[in-house]
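1. fold the following, please.
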Amino acid sequence: LMGETTDITMGPEEPFSHEKLSPVLALYRAKNFEEGAMMAKKLIEVGGFRNASDMLAALEETTGCAIPAPLAGLRDREERFTFRQMWHYLKNNKYLVIYYGGYMAMDALKTSAALGLLASFYLFGSSTFNLILGFIASVPGFIAAYFAPKIVKKHDKMKVLMLCNLLNVIFGFAIFFCGWENKTLFIILNVLRAAPGSIQGVLAFMFTPDCAEYGQYKSGISAKGITFAIQPFSVKITGAVSSSLALFLLGLFSWISVEAESFAELEAMGIQQSAGALNGLWFVYAMVPVIGMAISAVFFMFYRLNDK
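-> Okay, here's the model as predicted:
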């Protein structure tokens with residue numbers, strides 16, 4: 001949600017010129033680039049150098065609009081591209097297509113996120129099981145994430161990503177075949193899988209700058225705005241696909257749809273899912289994400305950019 005303001009004083013009396021803990025953005029209009037740059041600089045000074053400059057830097061990368069950093073001065077404006085130029089850039093940036101093809105294949109099949117609560121209630125007998133499991137697994141996950149930058153300083157990040165992907169596939173197969181009945185082993189395997197999964201999450205968007213440089217080298221076009229815009233696009237599109245796919249696949253196993261306001265109400269209804277439906281839930285929850293990771297590994301095998 002964006003709210004336009006005409007108050008260019010940007011002082012304490014203008015709420016939009018300050019940091020807002022809400023999904024509301026302020027919209028200021030400028031006559032030209034120079035005026036917009038000065039307005040942005042003033043906003044940084046009013047709103048605080050640290051938070052405001054970070055936000056404006058992010059806007060710069062995604063929109064291609066040059067915003068001044070407080071200490072670094074003004075950046076050059078990026079070119080505006082025609083559709084033909086954008087197509088030429090993407091066509092010549094094969095590693096961008098390869099990497100995000102693998103990333104989107106993996107995240108689009110991450111159906112476990114959409115079915116976590118259903119699996120928790122129907123398979124493990126508690127609506128809070130998934131939350132408790134996530135809390136336990138977060139401990140090794142946070143530790144692994146802390147060491148991830150140090151690991152990639154010593155080792156090529158694509159090799160690290162491939163190793164983590166392989167470990168996730170192995171743990172995923174083990175989890176699926178151990179079944180939901182063996183709750184203790186399920187918890188142990190998920191805690192072990194949290195470390196490579198966390199490192200994989202940290203590395204996810206480290207490849208975008210490399211792809212941007214490669215695209216400029218091959219096409220002669222500096223299109224960081226296009227390259228970095230693919231990041232949020234891929235996150236949103238795969239999130240929508242994975243949720244829809246999870247429910248579609250669940251319907252193939254004769255799952256009984258139920259409308260309830262809470263799990264307590266659902267339990268009170270006493271509706272029992274068939275054995276086939278529960279097995280289908282387990283397959284979509286535990287195995288489909290593993291298939292996605294295996295497909296992504298095929299894409300990543302063709303990624304040839306390295307850190308050297």
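2. give me the secondary structure label for the spatially closest residue to S274 that is not a sequence neighbour.
-> Using Cβ to Cβ, 6 or more residues apart in numbering and skipping residues adjacent in sequence, the residue nearest S274 is S254, 6.2 Å away. For the C-beta atoms, the positions are set from N, CA and C on the backbone; glycine is no exception. Counting by DSSP: H, G, I helix; E, B strand; the rest coil, the backbone at S254 sits in coil.
3. center of this structure, which residue is that?
-> Of all residues in the chain, the one closest to the mean position by Cα atoms, centre = their mean is V235, 4.5 Å from it.
4. and that one, how close does it get to M104?
-> Using Cβ to Cβ, to the nearest Å, V235 is found at 9 Å from M104.
5. how about T111?
-> From T111 to M104 the distance is 14 Å (Cβ to Cβ).
6. and these two? which has more neighbours close in?
-> Neighbour tally, T111 and M104, criterion other Cβ atoms under 10 Å: the higher count belongs to T111, 27 against 21.
7. quick one: residues contacting the more buried one.
-> T111 makes contact with 242, 245-246, 249, 284-285, 288-289 under the criterion Cβ atoms under 8 Å, 6 or more residues apart in numbering.
8. count of neighbours near the nearest residue to it once chain neighbours are set aside?
-> Leaving aside its chain neighbours, T111 sits nearest to A246 (3.8 Å; criterion: Cβ to Cβ, 6+ apart). With neighbours defined by other Cβ under 10 Å, the count for A246 comes to 24.
9. for the protein, which segments count as strands?
-> With DSSP state E, the ranges of strands along the chain come out as 2-4, 25-27.
10. now for the last one, which elements pack on it?
-> So the one you mean is strand 25-27. If contacts are counted by 3 or more Cβ pairs under 8 Å, 6 or more residues apart in numbering; DSSP states H and E, strand 25-27 sits against strand 2-4.
11. low-confidence regions, the stretch 51-200 of the chain specifically.
-> In the predicted model, the stretch 51-200 of the chain carries pLDDT under 70 at residues 51-81.
12. go with 50
-> 51-78 (pLDDT under 50).
13. quick one: contacts for N92?
-> 215, 218-219.
14. in TSV: the residues you listed, plus pLDDT and neighbour count.
-> Putting the contacts of N92 into TSV (pLDDT from 0 to 100; neighbours: other Cβ atoms under 10 Å) gives the following:
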residue	pLDDT	neighbour count
G215	83	24
K218	81	15
S219	77	16
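15. pick the one among the residues you listed closest to F124.
-> Comparing the contacts of N92 against F124 with Cβ to Cβ places G215 closest, at 45.8 Å.
16. surely that closest one touches A223?
-> Yes. Between G215 and A223 there is a contact under Cβ atoms under 8 Å: 6.4 Å.
17. any shared contact partners between the two?
-> Y89.
18. now do the buried residues in the helix ranked longest in the chain.
-> In terms of residue count, the longest helix belonging to the chain (DSSP state H) is helix 224-251. Buried residues in helix 224-251, counted by 16 or more other Cβ atoms under 10 Å: 224-228, 230-231, 234, 238, 241-242, 245-246, 249-250.
19. of those residues, closest to L115?
-> Using Cβ to Cβ, the buried residues of helix 224-251 come closest to L115 at A246, 5.2 Å.
20. please enumerate the helices of this protein.
-> 33-47, 49-63, 83-92, 94-108, 112-122, 129-154, 157-178, 183-203, 208-219, 224-251, 263-269, 275-282, 288-300.
21. possible to save these as a markdown table with distance to L25?
-> Shown next, in a markdown table, are the helices of the chain (distance: least, Cβ to Cβ, whole Å):
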| stretch | distance to L25 |
| --- | --- |
| helix 33-47 | 12 |
| helix 49-63 | 9 |
| helix 83-92 | 25 |
| helix 94-108 | 26 |
| helix 112-122 | 27 |
| helix 129-154 | 29 |
| helix 157-178 | 33 |
| helix 183-203 | 27 |
| helix 208-219 | 23 |
| helix 224-251 | 15 |
| helix 263-269 | 36 |
| helix 275-282 | 40 |
| helix 288-300 | 33 |
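22. so which of these gets nearest G3?
-> In terms of Cβ to Cβ, the element of these nearest to G3 is helix 33-47, at 14.4 Å.
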